[in-house]
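*Asks:* okay, here's the prediction I keep looking at, along with the sequence it came from:
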Amino acid sequence: MDKKNALRAGALAAGTTLMMLLMSSPALALTRDDGDDPGTGLSVIETLGLYVLAPIALFVVIAGLVMVLDRSKEEHRVTSRNIKTRPKADAKA
């Protein structure tokens, strides 16, 4: 029964992928639409800044704000200093 379900799922995924590839033909990108006025392309530096450096900087800013504005109490944090273990029952005997 599992082989049938796996085969069915694989056929469905393959069929869906094939249909999406056929319907999104890159040849349609060559014809311009009315009112289409593309600007100049981005340089390599602009592309790296926009898609690599900006997200990293945003992550660093958000992480920094979370760490700076953290108002939780020290005793509520789980660290190696405040983990208390129960003494073993064998140690009493």
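*Replies:* Everything's here; your move.
*Asks:* now do A27, the pLDDT please.
*Replies:* The model reports A27 with a pLDDT of 65.
*Asks:* let's have the chain start at 170 instead
*Replies:* Got it, the first residue is 170 from now on, which makes the last one we talked about A196.
*Asks:* and the helix or strand of the chain with the lowest mean pLDDT, how far out from the chain middle?
*Replies:* Ranked by mean pLDDT, DSSP states H and E, the weakest helix or strand in the chain is helix 171-192, scoring a mean of 90. Offset of helix 171-192 from its chain centre (CA atoms, centre = their mean, to the nearest Å): 25 Å.
*Asks:* then that helix to CSV, C-alphas only?
*Replies:* The C-alpha trace of helix 171-192 is given here as CSV (Å, rounded to 0.1, in the frame of the first residue of the first chain):
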residue,chain,number,x,y,z
ASP,A,171,2.9,2.4,0.7
LYS,A,172,4.4,1.8,-2.7
LYS,A,173,1.1,2.8,-4.4
ASN,A,174,0.9,6.0,-2.4
ALA,A,175,4.5,6.9,-3.0
LEU,A,176,4.1,6.3,-6.7
ARG,A,177,0.9,8.4,-6.8
ALA,A,178,2.6,11.2,-5.0
GLY,A,179,5.6,11.1,-7.2
ALA,A,180,3.5,11.1,-10.4
LEU,A,181,1.4,14.0,-9.1
ALA,A,182,4.6,16.0,-8.2
ALA,A,183,6.2,15.3,-11.6
GLY,A,184,3.0,16.2,-13.5
THR,A,185,2.5,19.4,-11.5
THR,A,186,6.2,20.4,-12.1
LEU,A,187,5.9,19.6,-15.8
MET,A,188,2.7,21.7,-16.2
MET,A,189,4.2,24.6,-14.4
LEU,A,190,7.3,24.5,-16.6
LEU,A,191,5.3,24.4,-19.8
MET,A,192,3.0,27.2,-18.7
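*Asks:* can you name the next helix or strand after it?
*Replies:* Per DSSP states H and E, the first helix or strand lying C-terminal to helix 171-192 is helix 213-217.
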